[in-house]
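In: what's the 3D shape of this:
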Amino acid sequence: MNVAALTIFLAVLAGAMLAVQAPTNAMLARPLDSPVIAAFLSFLVGTVALGLLAWLLPWRPDWSGVRALPWYAWLGGLYGTVFVTVAALGAPRVGVAVLLTAVVIG
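Out: Numbers count the residues shown, from 1 in each chain. Take a look at the predicted model:
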C-alpha cells in the first residue's frame, strides 16, 4: 500500500472514530453526571494511548525548536478539550448527526 492510500485510509478511519466519539463520551458522561469529568477521563485514556505510541515509535523530536514556538502553538489541546466536552454535553441533547453537522459548519 502506498503512502497516499494509507493516509486516506487512516483519515477515513479517524473520521469514523470522530463520529462515534461524541456518543461514547455522552455515554460516559451519563453515569458520571458530568460532561467535564467524562471529557477528562476521555483525555486521560487518550494521553495514555499517545504516551505508549510515542514510546513505541522510532521518531524522536528535536526539542531545540520548541522554545521558538509562539504561545498559541500550545493551544491544540485546548481546542480538543472544547470539542470533547461539547460533544459529551451536546450529543444526547441534539443528536450526533446535528452535532457533527454543526462541527463541520464551524
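
In: can you give me the helices for this structure?
Out: Secondary structure of the chain by DSSP state H: the helices cover 3-32, 35-56, 76-94, 96-105.

In: below-threshold pLDDT in this protein: ranges please.
Out: 1 (pLDDT under 70).

In: quick revisit: and Ala68, which of the helices of the chain is closest to it?
Out: helix 76-94 (16.7 Å; CB to CB). Heads up, the C-betas are built off the backbone N, CA and C, glycines and all.

In: give the buried residues for the closest one.
Out: Buried positions in helix 76-94, judged by neighbour count with 16 or more other CB atoms under 10 Å: 81, 83-92.

In: same question, stretch 32-48
Out: 34-35, 38-39, 41-43.

In: quick one: contacts of it?
Out: 21, 24-26, 28-29, 80-81, 84-85, 88-89 (CB atoms under 8 Å, 6 or more residues apart in numbering).

In: can you tell me which of those is nearest Trp63?
Out: Closest to Trp63 out of the contacts of stretch 32-48 is Gly80 (22.2 Å), distances taken as CB to CB.

In: distance of that closest one from Leu18?
Out: Distance, Gly80 to Leu18, by CB to CB, to the nearest Å: 11 Å.

In: can you redo the buried residues of stretch 32-48 as CSV with distance to Arg60?
Out: Output for the buried residues of stretch 32-48, formatted as CSV (distance: CB to CB, whole Å):
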residue, distance to Arg60
Ser34, 38
Pro35, 36
Ala38, 33
Ala39, 30
Leu41, 29
Ser42, 28
Phe43, 24
